[in-house]
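S.K.: Fold the following and give me the result.
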Amino acid sequence: MLMSKKRWIHALSYEGILLLIMTLVLSYMFEMPVELTGSLGLAMAIISVFWNMLYNNLFEKLEGYLKLQRGIWVRILHAIGFEGGLLFISVPLIAYSLKLDFLNALLLDISITLCILVYTFIFQWCFDVIERKYSLGQT
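M.R.: Below is the predicted model:
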């Protein structure tokens, strides 16, 4: 198996819970059907995964070509490039799906990203507690 059972549980529960929260919150905020906000959330999750693979592949090639050392500045550039590229892709999708102008879609996307940062911290903390309690291990 390429990924451990723990990694699968982690990834699927992280994305599933995030998708559920995002779907319900956006549906409530914009008074839109959960089918629409859920589809938007799913599309953004899929785009994020593919962007992650593409961006990291290209970044690693550039990193090798320029013989960069993975220090703090390279990591900062990597993060800015990744998030900037993802914003470039997701803002038009949000604007179209939720019928927002560009500025409001950008502000919403930045807000979602900041909320995901908090969600990620809380999720990881809870996952660590559950993992210790139930010994999910690496199987």
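S.K.: hey, let's count contacts and neighbours off CA atoms from now on
M.R.: OK.
S.K.: residues near Gly38, how many?
M.R.: Neighbourhood size, Gly38 [other Cα atoms under 10 Å]: 19.
S.K.: Helix or strand for it, just tell me which one.
M.R.: Following DSSP states H and E, one finds Gly38 within helix 34-65.
S.K.: how about that helix: buried residues?
M.R.: Across helix 34-65, burial judged by 16 or more other Cα atoms under 10 Å covers 34, 37-38, 40-42, 44-45, 48, 51-52, 55, 59, 63.
S.K.: Show the average pLDDT along it.
M.R.: Across helix 34-65, the average pLDDT comes to 92.
S.K.: Heading C-terminal from that helix, find the next helix or strand.
M.R.: In the C-terminal direction from helix 34-65 (assignment by DSSP H and E), the next one is helix 72-98.
S.K.: tell me the mean pLDDT over that following helix?
M.R.: The predicted model assigns helix 72-98 a mean pLDDT of 92.
S.K.: Helix 34-65 and that one, what's the angle between them?
M.R.: 150 degrees (axes from the mean of the first three to the mean of the last three Cα atoms, to 10 degrees).
S.K.: Going by contacts, tell me the helices and strands next to helix 72-98.
M.R.: Judged by 3 or more Cα pairs under 8 Å, 6 or more residues apart in numbering; DSSP states H and E, the packing partners of helix 72-98 are helix 34-65, helix 102-134.
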